[in-house]
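*Asks:* 3D, please:
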Amino acid sequence: MTKFLQRAVAFGSVLLTAGAVWAQDDSGTGGGGAAAAAGGVIGGLIGLAIALVCIVSFYKIFEKAGEPGWAAIVPIYNTFVMLKIAGKPAWWLVLMFIPCVGLVVAVIALVALAKNFGKGPLHGILFPLLAFSDAKYQPQR
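*Replies:* Numbering: from 1, shown residues only. As a prediction, this is how the structure comes out:
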């Protein structure tokens, strides 16, 4: 194991131990389970709401660009379609799998996507604004 991985595992163990100790009340009966469960449910619902907004937004963006809306729910293919609409090469899809590089490529592609709809960078990063605006698809030459 590399030094980094060893330290990460050790740090994770410390966090798990600290979390278990914090969840216990003074009698040591572990009374934090209900709070943890409530936090998990609330976090899950927030995550689901964000996912739904993203799916609906990309559905509308794809349809505005003349692509099938159902492509928004197909993993990997939706990124390929988004790159196509943004006017970026298909091989950028491979870059999306590289940690950190993928994030930079995604931001560049989203800004180019907004540009192809005649909008600024903010509409790319906050793409629901692009989806629910009156923007028309105008591919750049």
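*Asks:* and the biggest helix by length in the chain, what's buried?
*Replies:* Using DSSP state H to assign secondary structure, the helix with the most residues in the chain is helix 33-64. By neighbour count, with 16 or more other Cβ atoms under 10 Å as the criterion, the buried positions of helix 33-64 are 57-64. Glycine gets a C-beta too; all of them are placed from N, C-alpha and C.
*Asks:* show me which parts of whichever helix or strand comes after it are buried, residue by residue.
*Replies:* Scanning forward in sequence from helix 33-64 by DSSP states H and E, the next helix or strand is helix 77-86. Judged by neighbour count (16+ other Cβ under 10 Å), helix 77-86 contains these buried residues: 78-79, 81-86.
*Asks:* likewise stretch 93-104?
*Replies:* Of the residues in stretch 93-104, those buried by neighbour count under the rule 16+ other Cβ under 10 Å are 93, 95-96, 102.
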